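**Q** with the sequence up front, the predicted model follows.
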Amino acid sequence: MKWQPIPLGPLQTNCYIISKGKSCLIIDPGEEGNKLIQVINNSKLKPQAILLTHAHFDHIGAVDTVRDHFSIPVYIHKKEANWLLDPDLNGSNYFMIGSSITVKKADYFFEREGKMTIGDFEVGIFETPGHTPGSVSFYFEPLQLVATGDALFKSGIGRTDLPGGNEQQLLQSIHKKLLTLPEETLALPGHGPITTIGDEMNSNPFLNGF
């Protein structure tokens with residue numbers, strides 16, 4: 001298995017391609033759908049699904065372009081099923097004046113934690129709410145990595161001042177779900193550089209003293 005980060009859009013949202021052989025999963029195609037399609041085609045990969053950590057506009061902007069091109073399903077937590085369709089909830093009405101984003105309904109919904117088989121991949125689903133009510137993180141044990149969306153960043157955590165945000169809930173999510181992973185686990189955030197669980201346990205100023 002392999003992984004590849006592809007920063008997309010004006011906010012440089014990290015999209016991740018998780019591949020096994022020629023099969024791949026796409027996590028958070030936030031913008032620049034045609035660029036992402038070209039990268040995938042140049043790598044001769046065959047996408048099997050789009051996984052969304054949450055439904056903020058900068059993580060979903062290219063969903064329909066990519067979904068329609070490859071004819072693949074989209075997965076999101078059930079608590080954010082309506083966010084794809086609602087520019088107020090996904091934030092695009094507030095941050096992209098005159099450029100509201102809506103995405104067609106997801107095909108499948110995460111309803112509980114645990115291991116899930118998606119195409120050729122076994123994915124660990126962790127509910128990590130706080131940044132948004134339906135935020136999830138995706139754990140790929142063979143790669144020793146977890147895609148954390150906007151829950152956990154290098155030396156930071158997700159903002160909680162947007163609709164549905166809750167700082168206490170986010171801190172609990174990080175401590176109970178993410179920091180329990182092996183310290184060498186790579187943490188792949190929705191923005192910014194890659195880090196490790198161990199580094200965040202030891203040096204993240206938002207987590208110390210919780």
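**A** Everything's here; your move. Numbering: from 1, shown residues only.
**Q** show me the contact partners of stretch 64-79.
**A** 26, 29, 33-34, 36-37, 40, 46-52, 54-55, 63, 83-84, 103-104, 106-111, 118, 127, 129, 133-136 (C-beta atoms under 8 Å, 6 or more residues apart in numbering). Every residue, glycine included, has its C-beta placed from N, CA and C.
**Q** so which of those sit within helices?
**A** Here DSSP state H is the test, and the contacts of stretch 64-79 give 33-34, 36-37, 40, 63 as lying in helices.
**Q** out of those, who's the most crowded?
**A** V63 (24 neighbours; other C-beta atoms under 10 Å).
**Q** now for T13: which residues touch it?
**A** 7, 28, 30-31, 58-59, 190-191.
**Q** so who does the most centrally placed residue in the chain touch?
**A** For the chain, the residue sitting closest to the mean C-alpha position, by C-alpha atoms, centre = their mean, is T53 at 3.1 Å. By C-beta under 8 Å, 6+ apart, the residues touching T53 are 27-28, 59, 135-138, 147-151, 190.
**Q** now with 6 Å?
**A** By C-beta atoms under 6 Å, 6 or more residues apart in numbering, the residues touching T53 are 28, 136, 149.
**Q** then N34?
**A** No contacts exist for N34 under C-beta under 6 Å, 6+ apart.
**Q** thinking again about what came up before, out of the contacts of T13, who's nearest L170?
**A** Closest to L170 out of the contacts of T13 is G190 (13.3 Å), distances taken as C-beta to C-beta.
**Q** low pLDDT regions in this structure?
**A** Residues of the chain meeting the criterion pLDDT under 70: 96-98, 209-210.
**Q** need the helices for this structure, in chain order.
**A** 33-42, 57-60, 63-70, 87-90, 92-95, 167-173, 197-203.
**Q** ok, for P5, nearest residue in space, not its chain neighbours?
**A** Nearest non-adjacent residue to P5, counting by C-beta to C-beta, 6 or more residues apart in numbering: N14, 5.2 Å away.
**Q** I'd like the distance between the one you found and D28.
**A** Distance of N14 to D28, given as C-beta to C-beta, to the nearest Å: 7 Å.
**Q** cool, and N93?
**A** Relative to D28, and taking C-beta to C-beta, N93 is found at 20 Å.
**Q** cool, N204 as well?
**A** 21 Å.
**Q** can you flag the buried ones in the contacts of T13?
**A** Those of those that meet the buried threshold are 28, 30-31, 58-59, 190-191, by 16 or more other C-beta atoms under 10 Å.
**Q** the residue nearest to P5: how many residues sit nearby?
**A** The burial count for N14: 25, using other C-beta under 10 Å.
**Q** ok, E183 touching D199?
**A** No - checked against C-beta atoms under 6 Å, the pair E183 and D199 is beyond contact range at 8.3 Å.
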